[in-house]
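**Q** mind looking at a prediction? Sequence and model below.
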Amino acid sequence: MVESRPKHRNARKSVPQEPKVRNSTAHTSTHSTHAGPRKPRSRKKFSLIALNLAIVLIVAGGTAAYGALSRTVVLSIDGHKDTIRTFGDNVSDVLKAKHITIRDGDKLSPSPSAKLRDGVHVNISYAKPLTLAVDGKVTNATVYDHTVGQALDSAGVTPPQGAYVSAKRSAPLSRNGSEIVISSTKSLTVLADGKKKTVSTKAPTVAGVLKAAHVTLDSDDEVKPGKAAFVAPDQKLKVVRIKKVTKTEVVSVKFPVTYKTDSSAFQGETSVITPGKAGKSREKVTIVYADGKVRDRIVLVSRSLSDPRPQIVSRGTKKSDASGNTVWDKIAKCESGGNWHINTGNGYYGGLQFSAATWHSVGGTGLPSDHTREEQIKRAKILQARSGWGQWGCAGARFN
């Protein structure tokens with residue numbers, strides 16, 4: 001038969017329990033049975049003191065070693081000082097530790113190989129490219145100043161009252177290069193669209209002056225000097241309006257000239273055997289106008305309509321006689337007695353007896369008799385190539 005369980009948890013309290021032992025003897029006996037004998041506390045405290053003392057000695061020894069091996073160095077870079085401690089042996093070690101690169105032109109004192117000692121000062125001044133523009137006058141220099149104000153003082157430049165200054169005096173100079181622009185109020189002249197404008201402004205560049213003069217440029221227009229150029233007092237600026245027009249034109253194509261030798265003619269003699277004829281082509285072109293005048297003609301596409309016909313010219317190879325006279329000397333001997341500066345008053349001039357009209361038609365100036373033998377022969381060759389030997393009654397003398 002199964003024994004029934006109590007319906008309530010409190011029913012378990014009816015089970016008799018042994019009374020708890022309270023006397024110290026019994027407590028000690030019970031504790032000793034399970035935990036064993038307790039260690040003395042004095043030995044544990046001594047171990048902790050010894051450990052702490054060892055740590056203090058190690059730290060103190062390390063600090064003493066750090067102080068004995070390291071050095072105090074004052075590092076000054078462009079006037080900014082910093083006191084550091086280093087284990088390095090020389091200045092180069094300090095530069096490496098601080099990731100400092102010395103470039104050509106930089107000033108370093110002492111030298112990279114100098115040995116370090118406690119309290120040494122390492123001074124670095126960076127070389128800085130500087131462009132200084134004062135009322136259009138531009139100078140370029142390398143400076144070691146730290147600020148704009150220092151650079152101006154070193155250059156002996158004091159901006160006039162109210163002048164434009166591109167940077168504050170306290171602004172630092174860049175190691176990679178700086179520009180300082182100073183511009184006082186000045187009078188300038190702008191020539192544009194056929195008009196002249198006078199403007200008073202302290203704008204430092206051409207672009208600023210044009211803005212003050214209310215002159216605008218489109219993408220093709222030009223201004224001399226360029227928009228970025230600095231301006232000087234009383235300077236004149238010229239605006240050139242550029243216009244581009246694209247169109248199609250039919251144009252003439254020059255004929256080529258080919259030469260054939262003629263052993264029966266003297267050297268320097270030429271004659272046209274077959275006249276040339278120009279060809280034609282259709283071209284798509286861009287015409288560039290500068291202030292209304294054609295500056296350039298750019299061919300975009302060209303298509304031939306007719307090919308040019310070459311001109312064939314004979315060229316003499318026969319040498320002059322033993323006396324050294326050329327064919328032109330022979331003709332001049334017959335025409336004028338060889339007097340290249342003759343003026344007989346009959347309307348013909350010089351050794352080859354040009355008329356003034358014919359002389360001018362071949363590019364001559366003044367009168368033939370006023371020019372050298374060589375100039376007269378030069379013009380005679382042009383006339384002969386154009387019209388043949390029939391221009392001279394004494395042409396036959398060239399064969400004598």
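**A** Sure thing, it's come through. Numbers count the residues shown, from 1 in each chain.
**Q** could you confirm residue 377 falls within a helix?
**A** Yes: counting by DSSP: H, G, I helix; E, B strand; the rest coil, residue 377 is found in a helix.
**Q** can you verify my assumption that it contacts residue 327?
**A** No: taking contacts as CB atoms under 8 Å, residue 377 lies outside contact range of residue 327: 9.5 Å. In this view, the C-beta of every residue, glycine as well, is placed from N, C-alpha and C.
**Q** higher neighbour count, the two?
**A** Counted by other CB atoms under 10 Å, residue 377 and residue 327 do not tie: residue 327 has more neighbours, with 25 against 19.
**Q** check what pLDDT that one gets.
**A** You'll see residue 327 listed with a pLDDT of 86.
**Q** one more: the one 5 residues further on?
**A** pLDDT, the model's per-residue confidence, is 93 for residue 332.
**Q** skip the chain neighbours and tell me the closest residue to it.
**A** Leaving aside its chain neighbours, residue 332 sits nearest to residue 351 (3.6 Å; criterion: CB to CB, 6 or more residues apart in numbering).
**Q** ditto for residue 305
**A** residue 280 (4.2 Å).
**Q** can you say which helix or strand has that neighbour in it?
**A** Here residue 280 sits within strand 279-290, counting by DSSP states H and E.
**Q** same question for that strand, mean pLDDT?
**A** 97.
**Q** right, and residue 302 touches residue 279 too?
**A** No: the criterion here is CB under 8 Å, and residue 302 misses it with residue 279 at 11.4 Å.
**Q** neighbour-wise, which of the two wins?
**A** residue 279 (16 against 12).
**Q** and the residue lying closest to residue 236 once chain neighbours are set aside, backbone torsions?
**A** Take residue 236 and drop its neighbours on the chain: the residue closest to it by CB to CB, 6+ apart is residue 189, 4.6 Å away. With angles defined as degrees, to the nearest 10, residue 189 sits at phi -110, psi 130.
**Q** which residues touch residue 189?
**A** 196, 197, 198, 199, 234, 235, 236, 237 (CB atoms under 8 Å, 6 or more residues apart in numbering).
**Q** what sits against the fifth one?
**A** So that's residue 234. 186, 187, 188, 189.
**Q** just the buried members of these?
**A** The neighbour-count criterion (16 or more other CB atoms under 10 Å) marks 186, 188 among the contacts of residue 234 as buried.
**Q** Throw the contacts of residue 234 into TSV and include pLDDT and distance to residue 131, thanks.
**A** TSV is the format used below for the contacts of residue 234 (pLDDT from 0 to 100; distance: CB to CB, whole Å):
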residue	pLDDT	distance to residue 131
186	95	20
187	96	25
188	96	22
189	97	26
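**Q** still on that earlier bit, does the residue nearest to residue 332 count as helix, strand or coil?
**A** What three-state DSSP gives for residue 351 is coil.
**Q** okay, now the domains of this structure?
**A** Residue ranges for the domains of the chain, per automatic domain parsing: 71-125, 128-183, 186-240, 244-258+271-312, 320-399.
**Q** which helix or strand contains the nearest residue to residue 77 once chain neighbours are set aside?
**A** Nearest residue to residue 77, sequence neighbours excluded (CB to CB, 6+ apart): residue 124, at 4.8 Å. Using DSSP H and E, residue 124 sits in strand 120-125.
**Q** so how far is that strand off the chain centroid?
**A** 35 Å (CA atoms, centre = their mean, to the nearest Å).
**Q** name the residues that touch that strand?
**A** 71, 73-78, 91, 94, 100, 102, 106-110, 144.
**Q** same deal with stretch 300-318?
**A** 246, 250, 253-286, 327, 385.
**Q** what does stretch 71-89 give?
**A** Against stretch 71-89 from outside (CB under 8 Å, 6+ apart): 69-70, 93-94, 96-98, 100, 115-126, 146.
**Q** in CSV: the contacts of residue 189, plus distance to residue 179.
**A** As requested, the contacts of residue 189 are exported to CSV (distance: CB to CB, whole Å):
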residue, distance to residue 179
196, 31
197, 28
198, 28
199, 24
234, 24
235, 20
236, 25
237, 21
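**Q** tell me the one of these nearest residue 292?
**A** Nearest to residue 292 among those, counting by CB to CB, is residue 196 at 17.4 Å.
**Q** just give the nearest non-adjacent residue to that closest one, would you?
**A** The nearest residue in space to residue 196 (CB to CB, 6+ apart) is residue 189, at 6.1 Å.
**Q** coming back round to it: so which of the contacts of stretch 300-318 belong to helices?
**A** Among the contacts of stretch 300-318, the residues falling in helices (DSSP state H) are 327, 385.
**Q** type out the ChimeraX command that picks the buried ones from the contacts of stretch 300-318.
**A** For the buried members of the contacts of stretch 300-318, the matching ChimeraX selection, counting by 16+ other CB under 10 Å, is:
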select :253,255,262,265,266,268,269,272,276,279,281,283,285,327
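**Q** quick one: the helices in this protein, in order.
**A** Counting by DSSP H, one finds helices in the chain at the ranges 24-35, 41-69, 91-97, 148-155, 206-212, 327-336, 356-361, 373-387.
**Q** next up, phi/psi of residue 102, please.
**A** Here residue 102 shows phi and psi, under degrees, to the nearest 10, equal to phi -90, psi 120.
**Q** just the pLDDT for the residue nearest to residue 228 when sequence neighbours are not counted.
**A** Nearest non-adjacent residue to residue 228, counting by CB to CB, 6+ apart: residue 205, 6.0 Å away. You'll see residue 205 listed with a pLDDT of 97.
**Q** OK, contacts around the residue positioned nearest the centre of the chain?
**A** Central residue of the chain (CA atoms, centre = their mean): residue 228, 13.2 Å from the mean position. Residue 228 makes contact with 205, 206, 207, according to CB under 8 Å, 6+ apart.
**Q** what average pLDDT does the lengthiest strand in the chain get?
**A** The single longest strand within the chain, with elements called by DSSP state E, is strand 293-306. Strand 293-306 shows a mean pLDDT of 96.
**Q** now it against strand 279-290, angle please.
**A** On the basis of axes from the mean of the first three to the mean of the last three CA atoms, to 10 degrees, strand 293-306 is oriented at 160 degrees to strand 279-290.
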